[in-house]
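> what's the 3D shape of this:
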Amino acid sequence: EENTDAVRLDWFQQLKLALNWFRPLEVTPKAGIRQTYYNKDRQGSDRTGDRDIISGQWNTGVETSLKLFRLFHVKSNFMGLNLNGLRHVLTPTVVYDLIHRPTVANDLLSFTSASGSTSRINFGVENKLQTRRPDASGKLRSVDLGRLLIGVPYDFRNNGNKRGGRLGDWNFDFETYPLP
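Residues are numbered from 1 along each chain as shown. The predicted structure is shown next:
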């Protein structure tokens, strides 16, 4: 009879340092480590299974972004939108991640421990439309009217991708909250 109950505790720490080189350009190097404790591994009919396993995995990378904006002098209360100027913010981003393989192979555990070795770059752009609205005290504060995020990952050739680089699926995320 196979004993399938297991305990898993996961701990992830990441250190980031945002560097503003020039006014609109932000570069953020990052490094992290994931430690995962398992009280036992997968048990088959031919073995009893090891107890108290700790799997480690480190990662590193860099995030870069550039914030561009334009102001439009619009003042209107059309349809109750209460617009006091519009600001269009465009933020292109490039994120590189290198994730090392875990120290314990996934096939030894009852469930997936962590992602495999990955070398990936993500390209994205955020479009945001903002206005200023009065708060409870009457002071004008910046609020978001809508936001569109578009991104696509590119996986470099590595252990899980032996035939070369591969472009991933496009991601689209749209949020809108126009009414006060």
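> Flag the shaky bits of this protein, pLDDT-wise.
1-5, 41-50, 106-115, 158-163 (pLDDT under 70).
> try it again with 80
Under the criterion pLDDT under 80, the flagged ranges of the chain are 1-7, 21-23, 39-52, 104-117, 157-164, 179-180.
> Looking at strand pairing, list the partners for the residue nearest to the spatial centre of it.
Geometric centre of the chain, nearest residue: residue 95, 9.1 Å, by Cα atoms, centre = their mean. On the basis of DSSP bridges, residue 95 is bridged to residue 63, residue 122.
> now it: how far from residue 155?
Distance, residue 95 to residue 155, by Cβ to Cβ, to the nearest Å: 13 Å. The way it works is simple: take the backbone N, C-alpha and C, and place the C-beta from them, glycine included.
> Surely residue 175 is in contact with residue 128?
No - counting by Cβ atoms under 8 Å, residue 175 sits too far from residue 128 to count as a contact (9.5 Å).
> mind listing the strands for the chain?
8-16, 19-20, 25-40, 51-66, 68-76, 83-99, 118-134, 140-155, 166-167, 171-176 (DSSP state E).
> can you redo those strands as a markdown table with distance to residue 105?
Listed next are the strands of the chain as a markdown table, based on distance: least, Cβ to Cβ, whole Å:
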| stretch | distance to residue 105 |
| --- | --- |
| strand 8-16 | 16 |
| strand 19-20 | 37 |
| strand 25-40 | 12 |
| strand 51-66 | 9 |
| strand 68-76 | 45 |
| strand 83-99 | 15 |
| strand 118-134 | 16 |
| strand 140-155 | 20 |
| strand 166-167 | 23 |
| strand 171-176 | 30 |
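> Between residue 175 and residue 128, which has more neighbouring residues?
Ranked by neighbour count (other Cβ atoms under 10 Å), residue 175 and residue 128 place residue 128 first, with 18 against 11.
> hang on, the earlier thing: wait, the residue nearest to the centre of the chain sits on residue 121?
Yes - under the criterion of Cβ under 8 Å, residue 95 makes contact with residue 121 at 7.0 Å.
> So what does residue 102 have for phi and psi?
phi -70, psi 160 (degrees, to the nearest 10).
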